[in-house]
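Asker: heads up, no residue letters with this:
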């Protein structure tokens, strides 16, 4: 499956079974996405390959470690290698095939969601951020 930024300068390929998504409702992710939440997944390194545009990626990193990589041409948020060195963080909206068969398995930082944000569905809701191993197991599960 191919993913690309808005202008197409940054492109990547993902392979194998994809994990479920999570939606983060924290104030930083709301600002990043310009909406109620940011939807993404963690993908194992072996399942991710850059096709083009790595040289067009810039990064913004806060003191807290919060990171956003983006296309310098169009500003779209793009994937980045995670601190654990084993995975990539991949924004779900960049995937060309909207029919992945995956769903949202977790909602993060629901206690700080916007007052107008109504969370539907039956995904697990966390008041804040669970530990990464717990979240990763949930996203990788079939349920």
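Answerer: Done, it's in. What you are looking at is a predicted structure, and each value in this text was computed from that prediction instead of being measured.

Asker: only C-alpha atoms for contact and neighbour calcs from this point on.
Answerer: Will do.

Asker: quick one, what contacts the closest residue in space to residue 111 that isn't next to it in sequence?
Answerer: The shortest distance from residue 111 to any non-neighbouring residue, by Cα to Cα, 6 or more residues apart in numbering, is to residue 127 (4.9 Å). Residue 127 makes contact with 108, 109, 110, 111, 112, according to Cα atoms under 8 Å, 6 or more residues apart in numbering.

Asker: in this structure the first one contacts residue 126, no?
Answerer: Yes. Contact between residue 108 and residue 126 holds when scored by Cα atoms under 8 Å: they sit 5.1 Å apart.

Asker: looking at these two, which one has more neighbours?
Answerer: Comparing residue 108 with residue 126 by other Cα atoms under 10 Å, the one with more neighbours is residue 108, at 22 against 15.

Asker: give me the distance between the more buried one and residue 36.
Answerer: 12 Å (Cα to Cα, to the nearest Å).

Asker: hey, what's in contact with both of those two?
Answerer: In contact with both residue 108 and residue 36: residue 25, using Cα under 8 Å, 6+ apart.

Asker: state the distance from residue 102 to residue 44.
Answerer: 16 Å.

Asker: looking at those two, which is more packed in?
Answerer: Shown here are residue 102 and residue 44; by other Cα under 10 Å, residue 44 has more neighbours (19 against 14).

Asker: setting aside sequence neighbours, what's the nearest residue to the more buried one?
Answerer: residue 87 is the one closest to residue 44 (Cα to Cα, 6+ apart), at 4.3 Å.

Asker: I'm done for today, thanks for sticking with me.
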